[in-house]
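Enquirer: Give me a model of this one.
(2 chains)
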Amino acid sequence: MLEKYHDELHSCTGCGFCKKSYYAYKFPQKESDFPKGKIMISYGLLTKEIEEDMEVVKALQKCTLCKRCEEDCPSLIKITEVIKATRYDLKNLLPEHEKMLHNFNEKNNIFGEENFFKEGGKIAFFMGCLTNREMKDIVASLFDKLGIDVTILGGCCGYPIEKIGRKVGEKIKKRIEEKEIEKLVMTCPNGMLAFSEFSPIHISHFIHSLDINFKRNHKNYIYHDPAFLGRYLGIYEEPRQIIRKIGNLIDFEENKEMARQCGGEIEFRLAFPEEARELAQYLIKEAKQKNATIVTASPHCYSHLKEYGDVVDLLQLIEENI
Amino acid sequence: MEQILDRLQEIVSRDRIFTSKSDLYAYGFDASIHHAMPHVVVKPKSSNEVEEIVKVANEYSIPVVARGAGTALCGQAVPIHGGILLDMTGMNKIKEISIEDLYCVVEPGIIYAKLNEALAEYGFFFPPTPGSGDVCTIGGMIAVNASGMRAIKYGATRDYVLGLEIVFPYGKVRFGSKTIKNSAGYQVERLIVGSEGTLGIITEATLRISPLPEKRAVALASFNDVIKAGEGVAAIIASGMLPSALEIMDNVCIQAVKKAMGIDLPDAEALLLIEVDGKAMEVKENIEKVAKILEGKASKIEFTDDEERMAELWKGRKGVLPSLSRYGEDMVSVSLADDMSVPISKIPRAIKEFQRIAKKYGIIVGTYGHAGDGNLHTKVLINPKKEENWKKAEKAVNEIYKIVYELGGIASGEHGIGITKAPWINGDVATMEKIKKAIDPNNIMNPGKMQQWEKGIIAYLRYR
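Expert: Okay, here's the model as predicted:
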């Protein structure tokens, strides 16, 4: 897959501007920890100046694909596309990713957990592995409160598997095709990207369209833009509009397109827990300084950030205040 | 090599020694056209560690190359003879800020922008403003005598180096002081500035600092002709006023920035960005003066003191270099003939000559730079996969430097010599080599670069 990026790799001037956001952290210890290093390693693999070994695998997997560095790249290099394409060409996986893939193949769930299903009407909610683990009861309760007989589809969307550079089958997609669904709602941006052909609706969009009156409070909520909801799907406003109806919305210093990654992407934090912790704590620190509860709108971010501070998922916030 | 590795492990912990092929490969790049791999990368944390490492290298006569953020444009950090690459970014502390004495003491791996963030809290700054300031290190800036758009008023890195701690092959030494003035002996610290790691490794720097200006404002002037823009520059300088920046961009660069960065710039043949700073009243007076001077020369002038618009304009200017990589299909911007300096009045002539040379060889050359201090940047756009393009580019570059020297200029204003400009180094190379031999008799410090380079510049190419 990498061959088609040959010209792209030549366009990288090596200016190193992609390092800018990384300087806030301690974890980048060597060149390959920065986007530029990963781009150069991809180039070396393409030109066969270097060969794959586990150091190469580690260097290329140590990236959340959040696209934050691309915001600082004046040559507009498709850094994450290159890294993802290189991952597809790698023969080896990290042990944590092997396990994830095994669980996916065996149980259609990256944790190897039981998936939740519920038959219902024509509005379907896709649960995914992370939502299933973190908030399945809240999902059920939310739709009860809304008076919607929801169909709940469980199982992995496969996107985290694609992110580590492995292809997934069409099984789950077929299950969606078989159902008579009018609206496919979900909260996980990974799932939305995996199922883009079904035009899924993010929960924030769905709730916003219902024009609900919420219970109001005077708390400060600081919204963390999940990278895959924001930079990938362009959803910035709906979550903010809902939060504004509930409490006092504030923003991180770097927000929307410039939002920092929290380290919550499951495949990243399973393999690189220390780096993921540092990414999370950077945001937690700012939220604390601003005396605010973090609200996020991706189960990847929520399940990670809650380990380190005061965090709610948007879905939770909606369910509590509806 | 194994013996050397054992010795290195006695000095720094194993987790700061990198030997995997991929690490060595990734560290072999800077922002130049060159690439070469070291035998080992070591990330020291203290000057004592650097001293011990250099001692080992000297004992075994193996090269030592220092590297900051790897943003050098001429191959300064590319270890062409292998050896030990020192990743200096682990030494990144600000050791002291003494506002009342106008200095700060830093380790070489501190990022320029981070130092200025810390100084801004006191209302001060370290003025040389390289385009790569958000990511480059102070050590790298000293090594190449970096500067940038504010050099016209504030000077270059050399003007701010008060003292240095340096590790030479024979040990750690200190030069300079914490005083503003110094006539107490050879100013070796000034010789080290611009020596590109060929004499020693900088392990600490005492830098002069300046108060931040109260206010800044920018004028953006469009011109139908690059010669007129050059006349505008000459007129501003001749008026006696001293702008804090006076930048020029030709049409190739304007289009590249618009395309790559989506920044709102006028469609002109040339643009001048003129910044003035100081007290609010002074800024107002000077910006009005600029308008008057450029009347009749510029086709359009826009003024702003809006922080956001000024930041956008400077972002566009700083992004010229990498943006040129997106100028055309199959063409990328390669760092060749990148920062010639000519006498200020010769700028229009130089730009016209560069355009003529580009046309002659059928290549695209974008010209931009610090017009106010005579420092021009050109970027050559070629398809790097074709060998004949490199040959054409090399011929064009040769002619560009010939013209530059004819106009009374020099090969490098702020990026340094490294490999890419080595054939056009300025001054008596025999003397330089005598100094080098006296300090580094085993030739271990970044060997083969600057005055020691003997080949053509299209060598150790990173493009495949």
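Enquirer: Send me stretch A:301-315 as PDB with only the CA atoms.
Expert: What follows is stretch A:301-315, C-alpha atoms only, in PDB (Å, rounded to 0.1, in the frame of the first residue of the first chain):
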ATOM      1  CA  CYS A 301     -11.800   9.000  25.300                       C
ATOM      2  CA  TYR A 302     -14.200   8.600  28.200                       C
ATOM      3  CA  SER A 303     -13.000   5.200  29.300                       C
ATOM      4  CA  HIS A 304      -9.400   6.400  29.300                       C
ATOM      5  CA  LEU A 305      -9.800   9.900  30.700                       C
ATOM      6  CA  LYS A 306     -12.000   8.800  33.600                       C
ATOM      7  CA  GLU A 307      -9.000   6.900  35.000                       C
ATOM      8  CA  TYR A 308      -7.300  10.200  35.700                       C
ATOM      9  CA  GLY A 309      -9.900  12.900  36.600                       C
ATOM     10  CA  ASP A 310     -13.400  14.200  36.600                       C
ATOM     11  CA  VAL A 311     -14.900  13.100  33.300                       C
ATOM     12  CA  VAL A 312     -18.300  12.300  31.900                       C
ATOM     13  CA  ASP A 313     -19.300  11.100  28.500                       C
ATOM     14  CA  LEU A 314     -21.800  13.200  26.600                       C
ATOM     15  CA  LEU A 315     -24.200  10.200  26.400                       C
END
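Enquirer: quick check, A:Asp137 in a helix?
Expert: Yes. The assignment for A:Asp137, made by DSSP: H, G, I helix; E, B strand; the rest coil, places it in a helix.
Enquirer: For it, give its distance to chain B.
Expert: Look at A:Asp137 and chain B: by C-beta to the nearest C-beta, to the nearest Å, they are 44 Å apart. Using the backbone N, CA and C atoms, a C-beta is placed for each residue, glycine as well.
Enquirer: repeat for A:Lys118
Expert: With C-beta to the nearest C-beta as the criterion, A:Lys118 and chain B are 46 Å apart.
Enquirer: give me the beta-bridge partners of that residue?
Expert: A:Ile152 (DSSP bridges).
Enquirer: need the contact list for it.
Expert: Counting by C-beta atoms under 8 Å, 6 or more residues apart in numbering or on different chains, A:Lys118 touches A:140, A:150-152.
Enquirer: Report the buried members of those.
Expert: A:140, A:150-152 (16 or more other C-beta atoms under 10 Å in any protein chain shown).
Enquirer: Farthest-apart pair in the residues you listed, please.
Expert: Spanning the widest gap among the buried ones among the contacts of A:Lys118 are A:Ala140 and A:Thr151, at 11.8 Å by C-beta to C-beta.
Enquirer: and B:Val233, that's in a strand?
Expert: No. Judged by three-state DSSP, B:Val233 forms no part of a strand; its state is helix.
Enquirer: So it is in contact with B:Lys346, correct?
Expert: No. Assessed by C-beta atoms under 8 Å, B:Val233 is found out of contact with B:Lys346, at 10.7 Å.
Enquirer: Tell me which of those two has more neighbours.
Expert: Comparing B:Val233 with B:Lys346 by other C-beta atoms under 10 Å in any protein chain shown, the one with more neighbours is B:Val233, at 24 against 21.
Enquirer: What count of nearby residues applies to the closest residue to that one other than its chain neighbours?
Expert: Counting by C-beta to C-beta, 6 or more residues apart in numbering or on different chains, B:Ala371 is the residue found nearest to B:Val233 once chain neighbours are left out, at 4.5 Å. Number of residues near B:Ala371 (other C-beta under 10 Å) recorded here: 30.
Enquirer: quick one: buried residues of the worst-scoring helix or strand of chain A on mean pLDDT?
Expert: Lowest on mean pLDDT, DSSP states H and E among the helices and strands of chain A sits helix A:171-178, with a mean of 79. The neighbour-count check on helix A:171-178 (16+ other C-beta under 10 Å) flags A:172-173, A:176 as buried.
Enquirer: Mind listing the strands the helix or strand following it pairs with, and their directions?
Expert: Of the helices and strands lying after helix A:171-178 in sequence (DSSP states H and E), the nearest is strand A:183-186. Here strand A:183-186 has these sheet partners by DSSP bridges: strand A:123-126 (parallel), strand A:201-202 (parallel).
Enquirer: export the longest one as CSV, just CAs?
Expert: These are the backbone C-alpha positions of strand A:123-126, laid out as CSV (Å, rounded to 0.1, in the frame of the first residue of the first chain):
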residue,chain,number,x,y,z
ILE,A,123,-34.0,3.3,15.0
ALA,A,124,-30.8,1.3,15.7
PHE,A,125,-28.0,2.1,18.0
PHE,A,126,-24.6,0.5,17.3
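Enquirer: which residues sit against that strand?
Expert: Residues contacting strand A:123-126 (C-beta under 8 Å, 6+ apart): A:139, A:143, A:148-153, A:157, A:176, A:179, A:181-186, A:188, A:191, A:195, A:200.
Enquirer: again with the shortest one
Expert: Strand A:201-202 has contacts (C-beta under 8 Å, 6+ apart) with A:183-187, A:189, A:192, A:229, A:233, A:235, A:238, A:297.
Enquirer: Most neighbours of all those residues, which one?
Expert: A:Thr187 (32 neighbours).
Enquirer: Quick check: the nearest residue to it once chain neighbours are set aside vs A:Leu317, distance?
Expert: The shortest distance from A:Thr187 to any non-neighbouring residue, by C-beta to C-beta, 6+ apart, is to A:Ile203 (4.4 Å). Distance, A:Ile203 to A:Leu317, using C-beta to C-beta, to the nearest Å: 11 Å.
Enquirer: Then B:Ser325?
Expert: Going from B:Ser325 to A:Leu317 by C-beta to C-beta gives 44 Å.
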